[in-house]
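K.L.:
What follows is a predicted protein model with its sequence.
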Amino acid sequence: MRLNRVHVDADLRPGSLVELPSAAALHLVKVLRLRSGDGLVLFSGDGREFPATIESVRGSRVCAAVGEGRTLDRESPLAVTLVQCVARADRMDVIIQKATELGVARIVPVLSRRSVVRLDTSQAESKVAHWRAIAIGACEQCGRNRLPLIDGPRQLIHYLGEAPTTGPRLVLEPDSPTGGPLTIGAAAELAVGPEGGFDTEELEAFRVSGFMPLRLGPRILRTETAALAAVAWLQSRYGDMRVD
């Protein structure tokens, strides 16, 4: 039986007692009906996971006894940085969740000229906390023992002015001609536009910054579809997605 996994923002040590996060504890007790003596798995994001046993349940407060940890790093050998224009409504939540499940190492939310979403400082901080919670939930579900890095949202032009990551830099461009074969090693950077796509000046800025255009076939995909399709393609071609 697959045990429930819970992320704990603490230094997990064998033999210690830890109080589980309130949201996770409430779900375990009220929804899953777990009780004292039931097992689960804890992880803090350092690549290890720890078998644990619920020690006590007091209302919605749950304490667990931590067992011996083991290193079980399920990270892809391809470190993908997803530079994603912030999508409206719950589309960004879907992108964060599914990109985490697909093994993306870092997510950089950006705002471009055609972005529908606009965020002030307070809204940006709230969004980052919300997105990180979604990523934690996705890691709990998919078995990752490391959390993806999620940057604070910033203007696209500011991001392009920063030092590039290692590996090839790719920007999705539906109207680009079919390119030649890619050479990708241990890392890749992928930029995905907003609902209306990048404008001409932004695409030129990408080229100046060393990005190569990438086309995903003849059809125009929504921003959330394009991001996940491209990540899945990269992971299947250069990462660890395969049929066993």
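P.N.:
Done, it's in. Numbers count the residues shown, from 1 in each chain.

K.L.:
middle-most residue in the protein, spatially?
P.N.:
Thr100 (3.2 Å; CA atoms, centre = their mean).

K.L.:
can you pull the pLDDT of it?
P.N.:
pLDDT recorded at Thr100 is 98.

K.L.:
Report whether it is found in a helix, as I expect.
P.N.:
Yes. Counting by DSSP: H, G, I helix; E, B strand; the rest coil, Thr100 falls inside a helix.

K.L.:
who touches the closest residue to it other than its chain neighbours in this structure?
P.N.:
Excluding the flanking residues, the one nearest Thr100 by CB to CB, 6 or more residues apart in numbering is Ala138, at 3.8 Å. For glycine as for every other residue, the C-beta is placed from the backbone atoms N, C-alpha and C. Neighbour list for Ala138: Ile96, Gln97, Lys98, Thr100, Glu101, Arg144 [criterion: CB atoms under 8 Å, 6 or more residues apart in numbering].

K.L.:
quick one: the helices in this protein?
P.N.:
22-26, 91-101, 121-142, 156-160, 200-208, 223-238 (DSSP state H).

K.L.:
which one of the ones you listed lies closest to Arg215?
P.N.:
Between Arg215 and these, the shortest separation by CB to CB is 10.2 Å, and it involves helix 223-238.

K.L.:
And Leu12, how close does it get to Leu156?
P.N.:
38 Å (CB to CB, to the nearest Å).

K.L.:
which one of those two has more residues nearby?
P.N.:
Shown here are Leu12 and Leu156; by other CB atoms under 10 Å, Leu156 has more neighbours (22 against 19).

K.L.:
Pairing partners for the biggest strand by length in the chain, with directions?
P.N.:
Counting residues, the longest strand found in the chain (DSSP state E) is strand 48-58. Strand 48-58 pairs in its sheet with strand 39-43 (antiparallel), strand 61-66 (antiparallel), strand 70-71 (antiparallel), by DSSP bridges.

K.L.:
and Leu172, which of the ones you listed is closest to it?
P.N.:
When the strands paired with strand 48-58 are compared by CB to CB, strand 39-43 sits nearest Leu172, at 32.4 Å.

K.L.:
Would you map out the domains in this structure?
P.N.:
For the chain, the structural domains run 5-71, 79-238, going by automatic domain parsing.

K.L.:
Show me what counts as buried in stretch 123-142.
P.N.:
Buried residues in stretch 123-142, counted by 16 or more other CB atoms under 10 Å: Ala124, Lys127, Val128, Trp131, Arg132, Ile134, Ala135, Ile136, Gly137, Ala138, Cys139, Glu140.

K.L.:
I am finished for the moment; much appreciated.
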